[in-house]
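S.K.: Give me a 3D structure for the following:
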Amino acid sequence: MATDIIGADLVDAIRDRAREAELRGKLADEDWALVQQHNWLNLYLPAELKGRGFPFPDSLDYLEQLAYTDGSLGWTITLCSGAHWFLGFLDEQLRASLFIKDRLCLAGSGDAGGSAIPLDGGYWVEGSWPHATGAGMATHLTANLILNGRVFPFLFYADEVELFFNWTTMGMKATASHGFRVRPRWIPGNRIFSIEPEKAICPDPVFQYPFELIAAYTLAVNITGMAMRFKELANQSGKSDDIRFEMERKLLFENAVHHWQVVKEGSVIPPETIKQTTATARNLTGIVIHLVQDLYAGMGLSAAKEESEINRIWRNIHTAALHPLLRKIP
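M.R.: Next up, the predicted model:
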């Protein structure tokens, strides 16, 4: 895979720090500085929201190469950039206050782990969420709470939450995907928001792209990026799963371009299409698992050493594949 998007020098530097980042359980400070310097958390946000303004399909190329460079870095950027997409739905006054924040980073959880009760123009809230990728770097966190029997996302400031350090997985160690809790407290009414397309405050077409579709595409290209690096290091080809992988990867990107055009033209992507795209992401993940297992089985004992890059990628892929959106449904 070419490194023309990020640059070969940066790729090498990030990989040189990846083992230490894994041992420390968080991304290197130098890498997080790169994230901020290159505005990688805002690849597909419009310029008016301080984004890089990439068309969504182009941002997938970027995210795939970041995952190809290092799985933990690519995954963290992907999950946090998904939370940054919420900026297009936040109360404008609240959003303006966030933009004042230096090194803004939103992280969050999709679990409905809390409750909210209306009180004095705001909400009395509490909850606990098991994992949030990038939580340790976050200036703000989003979380789903149950309000009047329905699930709504809320925004919290980092000093309103408590992290608990429970990320002990075999892979994706440097994502620091720890859990967080909110003790019973009152928050202002403008912290609640909705990510339905008709609720978007910003008119850019990226906010008409259903979030489920954004999640499916962005997570899938993390799997493909890591798989491409694994194949490169394994230095083997010609496997039947390899052919299937390339076909499914090509289909994924073609569909992303098509769906982006549909949204730009003002049309609505139907729920069935979203389900099909999620199924494609799961199918592609399954193909990758078979592919890397087949390649791994033909390698020497050096591939089992935790300090090797190929072992780290193997562990990262298998950990990422357990994400609810990507894992096989029994």
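S.K.: what ranges do the strands span in the stretch 151-300 of the chain?
M.R.: Assigned by DSSP state E, counting those that start in this stretch, the stretch 151-300 of the chain shows strands spanning 162-164, 179-188.
S.K.: Give the other helices and strands that the first one contacts.
M.R.: Applying 3 or more Cβ pairs under 8 Å, 6 or more residues apart in numbering; DSSP states H and E, one finds that strand 162-164 contacts strand 179-188. Heads up, the C-betas are built off the backbone N, CA and C, glycines and all.
S.K.: so what strands line up beside the strand it packs on?
M.R.: Note on strand 179-188: by DSSP bridges, its sheet partners are strand 122-129 (antiparallel), strand 162-164 (antiparallel).
S.K.: which one of these lies closest to Pro210?
M.R.: strand 122-129 (22.5 Å; Cβ to Cβ).
S.K.: Tell me which residue is most central in the chain.
M.R.: Note on the chain: the residue nearest the mean C-alpha position is Leu79, at 2.2 Å, using Cα atoms, centre = their mean.
S.K.: how many neighbours does Ala304 have?
M.R.: Using other Cβ atoms under 10 Å, Ala304 is surrounded by 12 other residues.
S.K.: same check, this time on Thr169
M.R.: 16.
S.K.: cool, and Asp4?
M.R.: 9.
S.K.: Pipe the strands paired with strand 179-188 into a markdown table and attach mean pLDDT, distance to Pro184 and mean neighbour count per row.
M.R.: Shown next, in a markdown table, are the strands paired with strand 179-188 (pLDDT from 0 to 100; distance: least, Cβ to Cβ, whole Å; neighbours: other Cβ atoms under 10 Å):
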| stretch | mean pLDDT | distance to Pro184 | mean neighbour count |
| --- | --- | --- | --- |
| strand 122-129 | 98 | 4 | 20 |
| strand 162-164 | 97 | 12 | 14 |
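S.K.: For the nearest residue to Ala83 once chain neighbours are set aside, list each beta-bridge partner.
M.R.: Spatial nearest neighbour of Ala83, chain neighbours left out: Leu106 (3.8 Å); criterion: Cβ to Cβ, 6 or more residues apart in numbering. Counting by DSSP bridges, Leu106 is bridged to His140.
S.K.: doesn't Leu141 make contact with Leu106?
M.R.: Yes: if you go by Cβ atoms under 8 Å, Leu106 and Leu141 touch, sitting 7.1 Å apart.
S.K.: now Asn222: how far from Ile77?
M.R.: Distance from Asn222 to Ile77, counting by Cβ to Cβ, to the nearest Å: 9 Å.
S.K.: Now do the helices in the chain.
M.R.: For the chain, the helices defined by DSSP state H cover 8-24, 29-37, 56-69, 71-84, 92-99, 211-234, 240-264, 271-297, 309-320.
S.K.: Identify, out of those, the most deeply packed stretch.
M.R.: Highest mean neighbour count of the helices of the chain: helix 71-84, a mean of 27 (counted as mean count of other Cβ atoms under 10 Å).
S.K.: Please name every helix or strand in contact with that helix.
M.R.: Contacts defined by 3+ Cβ pairs under 8 Å, 6+ apart place helix 71-84 against helix 8-24, helix 29-37, helix 56-69, strand 106-119, helix 211-234, helix 309-320.
S.K.: mind putting these in JSON lines, mean pLDDT and distance to His131 included?
M.R.: As requested, those are exported to JSON lines (pLDDT from 0 to 100; distance: least, Cβ to Cβ, whole Å):
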{"stretch": "helix 8-24", "mean pLDDT": "97", "distance to His131": "17"}
{"stretch": "helix 29-37", "mean pLDDT": "97", "distance to His131": "19"}
{"stretch": "helix 56-69", "mean pLDDT": "97", "distance to His131": "19"}
{"stretch": "strand 106-119", "mean pLDDT": "97", "distance to His131": "6"}
{"stretch": "helix 211-234", "mean pLDDT": "97", "distance to His131": "14"}
{"stretch": "helix 309-320", "mean pLDDT": "98", "distance to His131": "11"}
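S.K.: Can you tell me which of the strands of the stretch 151-300 of the chain is most buried?
M.R.: Stretch with highest mean neighbour count among these: strand 179-188 (a mean of 16; mean count of other Cβ under 10 Å).
S.K.: quick one: average confidence on it?
M.R.: Averaged across strand 179-188, pLDDT comes to 98.
S.K.: Nearest to Cys202, out of the strands paired with strand 179-188?
M.R.: Closest approach to Cys202 among those (Cβ to Cβ): strand 122-129, 24.0 Å.
S.K.: For that closest one, output the C-alpha coordinates as CSV.
M.R.: The C-alpha trace of strand 122-129 is given here as CSV (Å, rounded to 0.1, in the frame of the first residue of the first chain):
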residue,chain,number,x,y,z
GLY,A,122,-31.7,20.9,32.5
TYR,A,123,-31.2,17.3,33.5
TRP,A,124,-30.3,15.3,36.5
VAL,A,125,-28.1,12.6,35.1
GLU,A,126,-26.0,9.6,36.1
GLY,A,127,-24.6,6.5,34.4
SER,A,128,-21.6,4.3,33.6
TRP,A,129,-20.2,3.2,30.3
